[in-house]
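Trainee: model this:
(one chain, ligands or ions: 1)
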Amino acid sequence: MRGSRLAHAAGAAALVAAAGCTPRPPAPVAAPASLAAAYHGAFLVGAALNDAQFSGRDSAEAALVAAQFSSVSPENVLKWESVHPRPGVYDFDAADRYVAFGRRHGMFVVGHTLVWHNQTPRWVFEDSAGRAVSRDTLIARMRDHILTVVGRYRGRVNGWDVVNEAVADDGTLRRSPWQTIIGDDFIAMAFRFAHEADPDAQLVYNDYALENAPKRQGVLALVRLLLAEGVPITGVGLQEHDRLDWPSPESVDTTIAAFAALGVKVMITELDVDVLPRAVAQTGADVSLRAAARAELDPWPDSLPDPVQQALARRYAALFGVFLRHRGRVARVTFWGVTDRDSWRNDWPVRGRTNYPTLFGRDGRPKPAFDAVMEAAGAAGAGP
Ligand code: G3I
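Mentor: Residues are numbered from 1 along each chain as shown. Next up is the predicted model:
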């Protein structure tokens, strides 16, 4: 598969010879060896990293990341509970290692995430007696957090997921503590604070399941409103926590086109493909959903059967075909995890399953899905 460009070059030389021209030996066109190289010029290809990878404890995966990707995202270490666990206490040890890793390897460095309802300590929303704080207090806490975190990495973190998952499945704003205490304008405020802290950083609204029409309409309306108010939003992140059969490539295409038409950058921020039996009815990535373990929900604890492996490869090829059709509008595609071993999909919504959602196996070797994604780039003429 990866030799297909060489084969094309050889085929062209044969045609020239058949036409009676003096044949010249074909210049070998080396097939790109990495996802980053294969998609160079189309969009960045990234991965979300855990502490073992960017701190070097997992040296094999650190090397794999350095070899394959042009962008990195922090899976957990820049979330509020990690960097700002207690009032007035910031802890940047792990986040500093993450940013240093990305800079060292010349990658586009993403910050994830500033304002979310998950992985945010309860103290943020409460006073010392456990009562909800006032609007002004919560705004002041949000401003301090954003100015401190974004300000620390000004010029070194290239883009931030400023607000994460603020829209509910029905398209209305989620009733999170941010929304109920501050009001709907907490979103615009977060973007303005982030812009104040780093005027050059890309600022993104990030959410899941935007292929579901009511939610997509809600986020489209939100982004239109922010743009009309002059809020400094530069992009929308489509998370793409997908399944083999959801969402359809056509609906991913429609969704990208709808956001691109607003004039913002589109990023695929958290891509993975769940191959296991469905354990909850909802699509997307609501981390509060949980389902009990049952043997039939974990059918492949040792290895993935070949037909499913091939279905995963076809699924990834179809998705990248859509992303490639929108090159120039899609700025990056980031996998949420490097290998199947790292993925949060092993623990959600059922804990302790064996899932296969990425391009690399538990041993770090590329899977057929990797070859399919590389081939999709070659077929579309992306890369060097
Ligand atoms: O911090 C504890 C640690 O002290 C303990 O040793 C360990 C043992 O299990 O648990 C640690 O907390 C876990 C945390 O990840 C850090 O590893 C939590 O239990 C676990 O629930 C948490 O999951 C993360 C999840 O966000 C939580 O919201 C996943 O790793 C992370 O992949 C996931 O990422 C989110 C994006 O940020 C937003 N979009 C959806 C996406 C998938 O849920």
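Trainee: The ligand contacts on the stretch 151-300 of the chain?
Mentor: N164, Q239, E270, A285, V287 (Cβ under 6 Å from any ligand atom). Every residue, glycine included, has its C-beta placed from N, CA and C.
Trainee: Need those in JSON lines (columns: pLDDT).
Mentor: JSON lines is the format used below for those (pLDDT from 0 to 100):
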{"residue": "N164", "pLDDT": "98"}
{"residue": "Q239", "pLDDT": "98"}
{"residue": "E270", "pLDDT": "98"}
{"residue": "A285", "pLDDT": "87"}
{"residue": "V287", "pLDDT": "89"}
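Trainee: Return the member of those nearest to Q309.
Mentor: Distance to Q309 across these (Cβ to Cβ) is lowest for E270, with 22.3 Å.
Trainee: residue of this structure with the smallest distance to the ligand?
Mentor: Closest to the ligand within the chain is W344: 3.5 Å, counting by Cβ to the nearest ligand atom.
Trainee: Show the pLDDT at that residue.
Mentor: With respect to pLDDT, W344 scores 98.
Trainee: same question, A31
Mentor: Looking at A31, its pLDDT stands at 69.
Trainee: now do G20
Mentor: pLDDT at G20 comes out at 43.
Trainee: Repeat that for A281.
Mentor: pLDDT for A281: 87.
Trainee: Also G383?
Mentor: Looking at G383, its pLDDT reads 83.
Trainee: coming back round to it: ok, the residues of the stretch 151-300 of the chain next to the ligand vs N206, which is closest?
Mentor: N164 (5.0 Å).
Trainee: Could you spell out the sheet neighbours of the host helix or strand of V45, each with its direction?
Mentor: According to DSSP states H and E, V45 maps onto strand 44-49. According to DSSP bridges, strand 44-49 has the following sheet partners: strand 71-74 (parallel), strand 330-335 (parallel).
Trainee: What's the first helix or strand after that strand?
Mentor: Going down the chain from strand 44-49, the next helix or strand is helix 51-54, by DSSP H and E.
Trainee: Next, the angle from the next helix or strand after that following helix to strand 330-335.
Mentor: Remark: after helix 51-54, the chain's next helix or strand is helix 59-68, criterion DSSP H and E. Orientation check (axes from the mean of the first three to the mean of the last three Cα atoms, to 10 degrees): helix 59-68 against strand 330-335 gives 160 degrees.
Trainee: Next, the contact list for R362, please.
Mentor: T339, D340, R341 (Cβ atoms under 8 Å, 6 or more residues apart in numbering).
Trainee: Name the member of the residues you listed that has the highest neighbour count.
Mentor: Using other Cβ atoms under 10 Å as the neighbour criterion, T339 leads the contacts of R362 with 26 neighbours.
Trainee: That one pairs with what?
Mentor: Where T339 sits in a bridge, its partners, by DSSP bridges, are F360.
Trainee: Report the angle between the biggest strand by length in the chain and strand 44-49.
Mentor: For the chain, the strand with the greatest residue count under DSSP state E is strand 265-274. If you take the same axes, to 10 degrees, strand 265-274 sits at 50 degrees to strand 44-49.
Trainee: and the next element down the chain from strand 265-274?
Mentor: The helix or strand immediately downstream of strand 265-274 is helix 306-325, counting by DSSP H and E.
Trainee: so for that following helix, what's the average pLDDT?
Mentor: For helix 306-325, the mean confidence score works out to 98.
Trainee: For that helix, which helices and strands make contact with it?
Mentor: helix 249-260, strand 265-274, strand 330-335, helix 368-379 (3 or more Cβ pairs under 8 Å, 6 or more residues apart in numbering; DSSP states H and E).
Trainee: can we see that at 6 Å?
Mentor: If you count contacts as 3 or more Cβ pairs under 6 Å, 6 or more residues apart in numbering; DSSP states H and E, helix 306-325 packs onto helix 249-260, helix 368-379.
Trainee: which stretch among those helices comes nearest R175?
Mentor: Closest to R175 of these is helix 249-260 (Cβ to Cβ; 24.2 Å).
Trainee: Stretch 353-364 near the ligand anywhere?
Mentor: No: with Cβ under 6 Å from any ligand atom as the criterion, the ligand is not reached by stretch 353-364; the gap is at least 11.1 Å.
Trainee: now that stretch: mean pLDDT?
Mentor: 98.
Trainee: What are the buried residues along that stretch?
Mentor: Across stretch 353-364, burial judged by 16 or more other Cβ atoms under 10 Å covers R353, T354, N355, Y356, P357, T358, L359, F360, G361.
Trainee: Can you get me the start-to-end distance on that stretch?
Mentor: Between the start and the finish of stretch 353-364 there is a gap of 19 Å, counting by Cα to Cα, to the nearest Å.
Trainee: now that stretch, how far from the centre of its chain.
Mentor: Put simply, stretch 353-364 sits 17 Å off its chain's centre (Cα atoms, centre = their mean, to the nearest Å).
Trainee: quick one: F320 and A376 touch, right?
Mentor: Yes: between F320 and A376 there is a contact at 4.2 Å, judged by Cβ atoms under 6 Å.
Trainee: the more surrounded of the two?
Mentor: F320 (29 against 21).
Trainee: ok, now which ones touch that one?
Mentor: Contacts for F320 (Cβ atoms under 6 Å, 6 or more residues apart in numbering) come out as V373, A376.
Trainee: Excluding sequence neighbours, find me the nearest residue to V275.
Mentor: Leaving aside its chain neighbours, V275 sits nearest to Y356 (5.2 Å; criterion: Cβ to Cβ, 6 or more residues apart in numbering).
Trainee: contacting residues for the one you found?
Mentor: Counting by Cβ under 6 Å, 6+ apart, Y356 touches V275, L304, D340.
Trainee: out of these, who's nearest S73?
Mentor: Closest approach between the contacts of Y356 and S73, by Cβ to Cβ: D340, at 17.8 Å.
Trainee: Is that closest one in contact with T358, as I believe?
Mentor: Yes: contact between D340 and T358 holds when scored by Cβ under 6 Å: they sit 5.3 Å apart.
Trainee: That concludes my questions; thank you for your assistance.
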